[in-house]
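> A structural model of the following input is requested.
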Amino acid sequence: MRNLNKNWLKDKVDDYTIEELKRIKSEIIHCSNTYKNVFNGAPFYESWSLESALEEINSYIEDNALILTSKFREQIIGFIIAINKVPDNQRQYAQYLENIKFIEEIGVLNEFRKNGVASEMVRILLLKYLRPDDMYIGYRTNAMRYFDYNGSESFESAVMRVQEEDKIKRTNKEKIIIPEFSENEKQKFINKYIELIKNRPDLDVSNSSALFRNIFGMINYSRIDGNYSFQKDPTGDGNDRIFPIIDLSKSLCLTKKEK
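Take a look at the predicted model:
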(Lines give C-alpha, C1' and ligand atoms only; values in the text may rest on other atoms or scores of the structure.)
Protein backbone atom coordinates (compact mmCIF):
# COMPACT_ATOMS: atom_id res chain seq x y z
CA MET A 1 0.00 0.00 0.00
CA ARG A 2 1.24 3.49 -0.76
CA ASN A 3 2.12 5.81 2.09
CA LEU A 4 -1.05 7.76 2.84
CA ASN A 5 0.92 10.28 4.89
CA LYS A 6 2.77 11.50 1.81
CA ASN A 7 1.35 14.27 -0.35
CA TRP A 8 1.28 12.57 -3.73
CA LEU A 9 1.07 15.85 -5.64
CA LYS A 10 3.83 17.68 -3.79
CA ASP A 11 6.34 17.45 -6.65
CA LYS A 12 3.78 17.59 -9.47
CA VAL A 13 1.55 20.61 -9.06
CA ASP A 14 2.26 24.04 -7.57
CA ASP A 15 -0.47 26.32 -6.23
CA TYR A 16 -2.64 23.28 -5.58
CA THR A 17 -5.07 22.80 -2.68
CA ILE A 18 -7.77 20.39 -1.53
CA GLU A 19 -10.51 21.70 0.74
CA GLU A 20 -14.15 21.23 1.58
CA LEU A 21 -16.56 23.05 -0.69
CA LYS A 22 -17.47 26.39 0.80
CA ARG A 23 -21.23 26.66 1.24
CA ILE A 24 -21.42 30.02 -0.49
CA LYS A 25 -23.17 30.72 -3.77
CA SER A 26 -20.09 31.56 -5.85
CA GLU A 27 -18.24 28.39 -4.80
CA ILE A 28 -21.28 26.17 -5.36
CA ILE A 29 -21.75 27.60 -8.85
CA HIS A 30 -18.03 27.19 -9.56
CA CYS A 31 -18.14 23.54 -8.46
CA SER A 32 -21.32 22.92 -10.47
CA ASN A 33 -19.69 24.29 -13.59
CA THR A 34 -16.72 21.95 -13.10
CA TYR A 35 -19.14 19.06 -12.51
CA LYS A 36 -20.86 19.89 -15.81
CA ASN A 37 -17.62 20.11 -17.74
CA VAL A 38 -16.24 16.87 -16.30
CA PHE A 39 -19.26 14.75 -17.16
CA ASN A 40 -20.05 16.39 -20.49
CA GLY A 41 -16.52 15.59 -21.67
CA ALA A 42 -14.67 12.34 -22.39
CA PRO A 43 -15.16 9.57 -21.48
CA PHE A 44 -18.68 10.23 -20.14
CA TYR A 45 -20.29 12.43 -22.83
CA GLU A 46 -23.34 13.25 -20.71
CA SER A 47 -25.56 16.28 -21.23
CA TRP A 48 -25.49 18.48 -18.14
CA SER A 49 -26.44 22.14 -18.14
CA LEU A 50 -25.17 24.49 -15.46
CA GLU A 51 -28.69 24.55 -14.02
CA SER A 52 -28.99 20.75 -13.79
CA ALA A 53 -25.47 20.42 -12.36
CA LEU A 54 -26.27 23.12 -9.79
CA GLU A 55 -29.40 21.23 -8.80
CA GLU A 56 -27.35 18.05 -8.39
CA ILE A 57 -24.70 19.69 -6.22
CA ASN A 58 -27.34 21.38 -4.08
CA SER A 59 -29.07 18.03 -3.56
CA TYR A 60 -25.81 16.60 -2.22
CA ILE A 61 -25.44 19.58 0.08
CA GLU A 62 -28.97 19.02 1.39
CA ASP A 63 -28.00 15.39 2.13
CA ASN A 64 -25.02 16.63 4.17
CA ALA A 65 -22.58 15.04 1.73
CA LEU A 66 -18.88 15.64 2.06
CA ILE A 67 -17.72 17.55 -1.02
CA LEU A 68 -13.97 18.02 -1.39
CA THR A 69 -12.71 20.22 -4.18
CA SER A 70 -9.33 20.29 -5.86
CA LYS A 71 -8.13 23.76 -6.76
CA PHE A 72 -5.31 24.87 -9.04
CA ARG A 73 -4.63 28.58 -8.65
CA GLU A 74 -8.17 29.06 -7.29
CA GLN A 75 -9.79 27.19 -10.19
CA ILE A 76 -11.84 24.17 -9.11
CA ILE A 77 -10.41 21.39 -11.25
CA GLY A 78 -11.89 18.36 -9.50
CA PHE A 79 -14.17 17.08 -6.78
CA ILE A 80 -15.03 14.05 -4.70
CA ILE A 81 -18.49 13.58 -3.21
CA ALA A 82 -19.04 11.09 -0.38
CA ILE A 83 -21.76 10.38 2.17
CA ASN A 84 -21.85 8.35 5.37
CA LYS A 85 -24.51 5.95 4.19
CA VAL A 86 -25.83 4.37 1.07
CA PRO A 87 -28.26 6.94 -0.37
CA ASP A 88 -31.90 6.28 0.50
CA ASN A 89 -32.85 5.91 -3.16
CA GLN A 90 -30.14 3.27 -3.61
CA ARG A 91 -30.60 1.18 -0.47
CA GLN A 92 -32.42 -1.58 -2.31
CA TYR A 93 -29.25 -2.12 -4.35
CA ALA A 94 -26.68 -2.37 -1.52
CA GLN A 95 -25.82 -5.25 0.77
CA TYR A 96 -24.32 -3.01 3.44
CA LEU A 97 -26.32 -0.10 4.77
CA GLU A 98 -24.22 1.12 7.69
CA ASN A 99 -20.54 1.67 8.52
CA ILE A 100 -19.83 2.61 4.94
CA LYS A 101 -18.26 5.62 3.25
CA PHE A 102 -20.15 5.75 -0.04
CA ILE A 103 -18.34 7.65 -2.78
CA GLU A 104 -20.91 9.05 -5.15
CA GLU A 105 -18.68 10.89 -7.60
CA ILE A 106 -15.02 11.53 -8.38
CA GLY A 107 -14.25 13.90 -11.22
CA VAL A 108 -11.27 15.82 -12.60
CA LEU A 109 -11.18 18.16 -15.58
CA ASN A 110 -9.65 16.43 -18.58
CA GLU A 111 -6.62 18.71 -18.84
CA PHE A 112 -5.63 17.93 -15.23
CA ARG A 113 -6.02 14.14 -15.35
CA LYS A 114 -3.11 11.72 -14.98
CA ASN A 115 -1.44 14.01 -12.44
CA GLY A 116 -2.57 12.22 -9.29
CA VAL A 117 -5.38 14.69 -8.55
CA ALA A 118 -8.06 12.03 -7.96
CA SER A 119 -5.65 9.91 -5.89
CA GLU A 120 -4.79 12.92 -3.75
CA MET A 121 -8.47 13.63 -3.05
CA VAL A 122 -9.02 10.00 -2.02
CA ARG A 123 -5.89 10.17 0.17
CA ILE A 124 -7.28 13.21 2.00
CA LEU A 125 -10.67 11.52 2.33
CA LEU A 126 -9.12 8.41 3.89
CA LEU A 127 -6.83 10.32 6.23
CA LYS A 128 -9.18 13.03 7.44
CA TYR A 129 -12.79 12.03 6.87
CA LEU A 130 -13.20 8.36 7.77
CA ARG A 131 -15.32 7.82 10.86
CA PRO A 132 -13.99 5.42 13.54
CA ASP A 133 -16.69 2.87 12.64
CA ASP A 134 -16.32 3.08 8.86
CA MET A 135 -15.67 -0.48 7.75
CA TYR A 136 -16.32 -0.31 4.02
CA ILE A 137 -15.85 1.86 0.96
CA GLY A 138 -18.63 1.72 -1.59
CA TYR A 139 -18.32 3.45 -4.94
CA ARG A 140 -20.07 3.84 -8.24
CA THR A 141 -18.17 2.40 -11.16
CA ASN A 142 -18.36 1.17 -14.74
CA ALA A 143 -17.23 -2.33 -13.85
CA MET A 144 -17.58 -5.48 -15.96
CA ARG A 145 -21.11 -6.29 -17.03
CA TYR A 146 -22.84 -9.64 -16.68
CA PHE A 147 -22.80 -11.93 -19.70
CA ASP A 148 -23.96 -15.45 -20.52
CA TYR A 149 -21.25 -18.03 -19.92
CA ASN A 150 -21.74 -21.70 -20.80
CA GLY A 151 -18.34 -23.06 -19.85
CA SER A 152 -17.22 -23.89 -23.41
CA GLU A 153 -14.27 -21.53 -22.88
CA SER A 154 -12.41 -20.43 -19.81
CA PHE A 155 -14.00 -17.63 -17.84
CA GLU A 156 -10.84 -15.57 -18.35
CA SER A 157 -10.99 -15.88 -22.13
CA ALA A 158 -14.73 -15.18 -22.07
CA VAL A 159 -14.13 -11.92 -20.16
CA MET A 160 -11.47 -10.91 -22.70
CA ARG A 161 -13.78 -11.73 -25.60
CA VAL A 162 -16.80 -9.87 -24.21
CA GLN A 163 -14.75 -6.80 -23.32
CA GLU A 164 -13.44 -6.62 -26.89
CA GLU A 165 -16.91 -7.19 -28.37
CA ASP A 166 -18.37 -4.44 -26.17
CA LYS A 167 -15.60 -2.06 -27.15
CA ILE A 168 -16.45 -2.54 -30.82
CA LYS A 169 -20.18 -2.13 -30.13
CA ARG A 170 -19.63 1.10 -28.23
CA THR A 171 -17.48 2.42 -31.08
CA ASN A 172 -20.24 1.56 -33.55
CA LYS A 173 -22.89 2.93 -31.17
CA GLU A 174 -24.61 -0.45 -31.06
CA LYS A 175 -26.81 -1.43 -28.16
CA ILE A 176 -25.22 -3.82 -25.67
CA ILE A 177 -27.70 -6.43 -24.48
CA ILE A 178 -27.26 -7.45 -20.85
CA PRO A 179 -28.91 -10.80 -20.02
CA GLU A 180 -31.27 -11.20 -17.10
CA PHE A 181 -29.66 -13.16 -14.29
CA SER A 182 -31.14 -14.45 -11.08
CA GLU A 183 -29.58 -13.12 -7.88
CA ASN A 184 -27.83 -16.47 -7.42
CA GLU A 185 -26.44 -16.37 -10.96
CA LYS A 186 -25.22 -12.81 -10.44
CA GLN A 187 -23.48 -13.78 -7.23
CA LYS A 188 -21.68 -16.69 -8.90
CA PHE A 189 -20.59 -14.39 -11.73
CA ILE A 190 -19.31 -11.78 -9.27
CA ASN A 191 -17.33 -14.36 -7.33
CA LYS A 192 -15.68 -15.59 -10.53
CA TYR A 193 -14.91 -12.10 -11.80
CA ILE A 194 -13.41 -10.74 -8.59
CA GLU A 195 -11.26 -13.85 -8.19
CA LEU A 196 -10.08 -13.35 -11.77
CA ILE A 197 -9.08 -9.70 -11.42
CA LYS A 198 -6.99 -10.47 -8.35
CA ASN A 199 -4.44 -11.95 -10.73
CA ARG A 200 -5.51 -10.11 -13.88
CA PRO A 201 -6.12 -6.49 -12.80
CA ASP A 202 -5.79 -5.51 -16.45
CA LEU A 203 -9.21 -7.09 -16.98
CA ASP A 204 -10.81 -4.74 -14.46
CA VAL A 205 -12.41 -2.12 -16.70
CA SER A 206 -13.42 0.14 -13.83
CA ASN A 207 -11.57 3.45 -13.65
CA SER A 208 -12.61 3.77 -10.01
CA SER A 209 -11.23 0.32 -9.17
CA ALA A 210 -7.97 1.23 -10.90
CA LEU A 211 -7.79 4.32 -8.71
CA PHE A 212 -8.33 2.37 -5.49
CA ARG A 213 -5.91 -0.34 -6.59
CA ASN A 214 -3.32 2.37 -7.10
CA ILE A 215 -3.90 3.47 -3.50
CA PHE A 216 -4.35 0.14 -1.71
CA GLY A 217 -2.21 -2.11 -3.89
CA MET A 218 -4.26 -5.30 -3.93
CA ILE A 219 -7.89 -4.49 -3.11
CA ASN A 220 -9.59 -6.70 -0.54
CA TYR A 221 -13.28 -6.81 -1.28
CA SER A 222 -15.82 -7.57 1.44
CA ARG A 223 -17.26 -11.06 1.70
CA ILE A 224 -20.31 -12.54 3.40
CA ASP A 225 -20.43 -16.31 3.92
CA GLY A 226 -17.85 -16.81 1.19
CA ASN A 227 -19.59 -14.58 -1.34
CA TYR A 228 -18.25 -11.20 -2.40
CA SER A 229 -20.36 -8.20 -1.42
CA PHE A 230 -21.63 -5.94 -4.15
CA GLN A 231 -24.02 -3.20 -5.10
CA LYS A 232 -26.18 -3.11 -8.19
CA ASP A 233 -26.23 -0.18 -10.54
CA PRO A 234 -29.06 2.04 -9.25
CA THR A 235 -29.79 3.33 -12.76
CA GLY A 236 -31.74 0.15 -13.51
CA ASP A 237 -31.44 -3.52 -14.35
CA GLY A 238 -30.69 -2.68 -17.98
CA ASN A 239 -27.40 -1.15 -16.86
CA ASP A 240 -26.58 -3.65 -14.15
CA ARG A 241 -22.89 -3.72 -13.28
CA ILE A 242 -20.74 -5.15 -10.51
CA PHE A 243 -20.18 -2.66 -7.70
CA PRO A 244 -17.82 -4.41 -5.26
CA ILE A 245 -17.36 -3.10 -1.73
CA ILE A 246 -13.87 -2.61 -0.29
CA ASP A 247 -13.21 -4.04 3.16
CA LEU A 248 -11.18 -1.32 4.88
CA SER A 249 -10.10 -3.59 7.75
CA LYS A 250 -8.15 -5.70 5.24
CA SER A 251 -7.20 -3.06 2.70
CA LEU A 252 -6.15 -0.09 4.79
CA CYS A 253 -3.94 0.48 7.80
CA LEU A 254 -3.81 4.11 8.90
CA THR A 255 -1.94 3.48 12.14
CA LYS A 256 1.34 2.45 10.50
CA LYS A 257 3.56 4.90 8.67
CA GLU A 258 6.15 3.99 6.12
CA LYS A 259 9.62 5.09 7.10
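
> poorly predicted segments of the chain, please.
Filtered on pLDDT under 70, the chain yields the residue ranges 1-2, 10-14, 85-97, 140-143, 231-244, 251-259.

> okay, now the domains of it?
For the chain, automatic domain parsing gives the domain ranges 16-134, 155-251.

> so what's the gap between the longest one and the chain middle?
The reference is to domain 16-134. Domain 16-134 sits 11 Å away from the centroid of its parent chain (CA atoms, centre = their mean, to the nearest Å).

> just stretch 180-194 next, same as before
Centroid separation for stretch 180-194 versus its chain: 20 Å, with CA atoms, centre = their mean.

> also stretch 189-207?
Remark: stretch 189-207 is offset 15 Å from the chain centroid, using CA atoms, centre = their mean.

> now the end-to-end length of it.
End-to-end distance for stretch 189-207, by CA to CA, to the nearest Å: 20 Å.

> show me what counts as buried in that stretch.
Neighbour counts using 16 or more other CB atoms under 10 Å place 189, 190, 193, 194, 196, 197, 204, 205, 206 of stretch 189-207 among the buried residues. In this view, the C-beta of every residue, glycine as well, is placed from N, C-alpha and C.

> in helices, which of these fall?
189, 190, 193, 194, 196, 197 (DSSP state H).

> let me have the residues you listed in JSON lines, extended by distance to residue 40.
Formatted as JSON lines, those follow (distance: CB to CB, whole Å):
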{"residue": "189", "distance to residue 40": "32"}
{"residue": "190", "distance to residue 40": "31"}
{"residue": "193", "distance to residue 40": "30"}
{"residue": "194", "distance to residue 40": "32"}
{"residue": "196", "distance to residue 40": "33"}
{"residue": "197", "distance to residue 40": "30"}
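
> quick one: contacts of stretch 15-22?
Applying CB atoms under 8 Å, 6 or more residues apart in numbering, the external contacts of stretch 15-22 come out as 9, 27-28, 31, 61, 66-73, 79, 120-121, 124.

> how far away is the most far-flung residue of the chain relative to its centre from residue 84?
No residue in the chain sits farther from the centre than residue 152, which is 32.6 Å out by CA atoms, centre = their mean. Residue 152 is 45 Å from residue 84, where distance means CB to CB, to the nearest Å.

> same deal with residue 46?
According to CB to CB, residue 46 stands 26 Å off from residue 84.

> filter the contacts of stretch 15-22 down to the ones in helices?
Using DSSP H, these in helices are 27, 28, 31, 61, 120, 121, 124.

> in CSV, list the residues you listed along with distance to residue 213.
Listed next are the ones in helices among the contacts of stretch 15-22 as CSV, based on distance: CB to CB, whole Å:
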residue, distance to residue 213
27, 32
28, 32
31, 27
61, 30
120, 16
121, 16
124, 18
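
> in stretch 102-114, what counts as buried?
Buried residues in stretch 102-114, defined by neighbour count with 16+ other CB under 10 Å: 102, 103, 104, 105, 106, 107, 108, 109, 112.
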